[in-house]
Structures are given as structure tokens and as C-alpha cells.
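Q: got a predicted structure plus its sequence, pasted below:
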Amino acid sequence: MSSPANEVFPAQMRWETEGSSRIPFMAYTGGELHKKELERFFYQRHWNYVGLEAEVPNVGDFKRTVVGERSVIMVRDAGGIHVVENVCAHRGMQFCRERHGNKKDFVCPYHQWSYTLQGDLQGVPFRRGVKQDGKVNGGMPADFQPADHGLNKLKVATRGGVVFASFDHDIESLEDFLGPEILSYFDRIFNGRQLKILGYNRQRIPGNWKLMQENIKDPYHPGLLHTWFVTFGLWRADNKSELKMDARHRHAAMISTRGQAGKADQVTQVSSFKESMQLHDPRFLDIVPEPWWGGPTAVMMTVFPSVILQQQVNSVSTRHIQPDGHGAFDFVWTHFGFEDDTEEMTQRRLRQANLFGPAGFVSADDGEVIEFSQQGFESKPYHRTLAELGGKTVENTDHMVTETLIRGMYAYWREVMEA
């Protein structure tokens, strides 16, 4: 239990139990708490997703993104992928404003300090002063060393074409961070094939960033909230399923295998089933099993704290969670395929991607309920949520009628935040 003396928590914040099944609303509403989360989850001891190697295929290609609330740049030079903080070493300006592009070097527009693609300082205007009337005016001090004033460089790890970065250079390996159970499902998608970028969706959701992690750790809501999933048979009462976590319960995989008999009679008992709903284009359900699936038709992974890795039938994407204060986050979807896909498969992936994103047939529902949840938290700050479906403990399961993954995440959250 947290104590009033614990500086991490406001004095008025209380957990009802020693466990993690009753989450105080204040976990979603505190500004100081949010700053502590950024430090402990995004800036220390955690790998954060920054992008896909396929987004920067050529030397000089870059992508501006974030780790937590800090702007960073993922860039490729002749030696590989680098990630640097988008803050000039001179006067702190966020010098890169473009979202994507190609550059030979980075130059701050304010005072023209220039950096290599690796982030090393290579040029300072008037470093040696200006000659005038037989004397030298200005100039940097004699002990100024460019090597001491480069951009802040993050530690980088790549696996299967996915790029992670960390401000913490003493962090464990990416493989140890993910753990063997989650790593096996990560490698299922990112198995060495060259990735191909298909497009992006971006949205801002007015809710706490943790709610999106919770949403994908909540396996039973699709059959209750998402009319599309139920009506067209992507969620069925007879789906075989498993929920798996890493040893510290921060990451999770929801593994599901779609029933084979079309629309099961059982789903008509669910109020979100709408028999009258029809597709104008039946190709949205043109699902073709792929050899790499290895059985499951959908695997949704949450890598805490920053990314969701999605395979829902033929649609594959990353979903980057980008906090912006305690009550909002930007959500960036990167839809991709594989270089060896046929044109037919590429079109199939693009069509099925319409299930997801800000106006997706399915995902639009999630953004709305997250917004409404945040409104409830803000209006009643001393209350708490209840995540006790399936019990109060934390364990892997072979079914989806449980909130065990949410309990697992908050058990880890308490471990880190209350340390």
C-alpha cells in the first residue's frame, strides 16, 4: 500500500486493496503522477517503440517521432539506424519540424549549429570569432570541444525490422525486456521478411495513455462493444483463445483463433449483433490464411508502455501511444505488409485496415469509450475502477472472459511507481 509520505502519490490517493484489481481514478488524472510515469516508464529502464526500419530505407532518411513526451528523430546513415533527441545542444530548440524527409545533416535554423546524422556536432558559426579592424571579436572559449556538445543519443535496438530506443544506456537487452513468451509472438510477425509501409492513421484521443494499453489488454469487450466484430463473425463465442504475459506482467499477447462455421448462433445472444447490417463491399471479409500465422487468426500484443503490435486476420500494423499530458495522447497507426506480398494481398491488407484507425469500423468505438472514461475519472476523482472479472489474481489463461491482463499491468505499475 502507498503511504501519504510517499512522494510518488498525492496524499489523497488510495488503493482499496493490496492488489491491483481496483485502480484509483487518480491514477488517470494527476499531473504530478503523470510526470513521474514519464520518468519511470518512458525515460528509464524501458525500451520504447520509435518506428520501422522500412520507414527510413535510404541513407539520410529520417522520421520525427517521440519517446514519451520528448521529440526524437530516427535516422539512417551509412552505419545503420540512429535515434537522437530533437533538441539543439546550443539553446534547446526543437530544430526538426518535418515529419519525414531526407537530409545530409541536421542544422538548427536558429543559430545554424549543424550535426551529423549520428548526432555529432560538426559546425558552429563564428566558433573562432570574426576578424575586424585587426582583432578577433567573439568566438567560443578556447576549451570548447565540439565532441562534448552533440545531440543526445539514445540507445537503439532493432529486431525483425522494428526499432526501439531508450534514454537509459544501462537498460537490459530488448530480448530480455520482452521475455521469451512475448518474444516468440513478436518474432511470429517480424520474422525477417522485409517490411513494406502501406500508410498511416493519426488521431488524438482525450484520455489517459494507459487506457489504450488497457483497451488491448481487455479481451472480452470486442464482443460487447464492437458491432462490426460480432455481426460479421470476427469475434465469436466459440473462438479459441489464450492470454499470455511476460514474467513481470507488463507485456501481453491475446491469441485468438476464429471459429470455422461462419456466424455462430451463440453470438445472436449478444446485443451488439445486428443481423440487418450488410456490407456494400464483401471484400472486407476476403480473409486468406497465411502460412506464418501458425494457427491463430489474430494476435494482439501490448509492449509496455508505448506500442501495440496488431495482427487481425490479414491486417498488420503498429500502434504508437504518444502521451500528451495526463488526459490526452496521440495515437499513430503504421500499416504495413511485406515486400514479397502479391499485389492482391497488399490490396487485401489495405481494405482490412479500414477496420482500424480513427474512423475504423471497429476502432472508432475504442477512441470514444476512452474519452468517456476519462470524463468519468475527472468528474469523480476519489472513486476507483473495478477489474475483477475472472478473479483478483494475475495469471495466464486459456479464455478471454477475464481482466487478468489489466490486473497484471497495474501490479507492475505499482511495483515501479511505489518503489
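A: Thanks, I have the structure now. Residues are numbered from 1 along each chain as shown.
Q: wait, what's in contact with the most centrally placed residue in the chain?
A: Computing the C-alpha centroid of the chain and ranking residues by CA atoms, centre = their mean puts Val307 first, at 1.9 Å. Each residue near Val307 by CB atoms under 8 Å, 6 or more residues apart in numbering is listed here: Asn48, Tyr49, Thr318, Arg319, His320, Ile321. For the C-beta atoms, the positions are set from N, CA and C on the backbone; glycine is no exception.
Q: what's the farthest-apart pair in the residues you listed?
A: Based on CB to CB, the longest span within the contacts of Val307 runs between Asn48 and Arg319 and measures 13.4 Å.
Q: more crowded one of those two?
A: Remark: of Asn48 and Arg319, Asn48 carries more neighbours, 28 against 23, as counted by other CB atoms under 10 Å.
Q: hmm, Thr231 is touching Ser276, no?
A: No: using CB atoms under 8 Å, Thr231 is not in contact with Ser276; the gap is 9.0 Å.
Q: those two - which one has more neighbours?
A: Neighbours per residue (other CB under 10 Å) separate Thr231 from Ser276, with Thr231 holding more: 21 against 5.
Q: where does this protein have its least confident helix or strand?
A: Sorting the helices and strands of the chain by mean pLDDT, DSSP states H and E puts helix 227-231 at the bottom, at a mean of 71.
Q: from Glu37, how far off is Gly19?
A: For Gly19, the distance to Glu37 equals 20 Å [CB to CB, to the nearest Å].
Q: between those two, who's got more neighbours?
A: Glu37 (24 against 16).
Q: show the model's pLDDT score for the more buried one.
A: The model reports Glu37 with a pLDDT of 98.
Q: counting neighbours, what do you get for Pro291?
A: Burial of Pro291 is recorded as 5 neighbouring residues (other CB under 10 Å).
Q: go on, the one 5 residues further on?
A: When neighbours are counted by other CB under 10 Å, Pro296 registers 19.
Q: ditto for the one 5 residues further on
A: Using other CB under 10 Å, the number of residues around Met301 comes to 23.
Q: for it, which non-adjacent residue is spatially closest?
A: Leu309 (4.2 Å; CB to CB, 6 or more residues apart in numbering).
Q: go ahead and confirm the one you found touches Phe186.
A: Yes: if you go by CB under 8 Å, Leu309 and Phe186 touch, sitting 6.9 Å apart.
Q: which neighbours do those two share?
A: Counting by CB under 8 Å, 6+ apart, the common neighbours of Leu309 and Phe186 are Met301, Val303.
Q: which residues touch the closest residue to Phe304 other than its chain neighbours?
A: Closest residue to Phe304 apart from its sequence neighbours, by CB to CB, 6+ apart: Arg250 at 4.0 Å. Residues in contact with Arg250 (CB under 8 Å, 6+ apart) are Phe304, Pro305, Gly408, Met409, Tyr412.
Q: pick out the most distant pair among those.
A: Within the contacts of Arg250, Pro305 and Gly408 form the most distant pair, 13.7 Å apart (CB to CB).
Q: thank you kindly, that will do.
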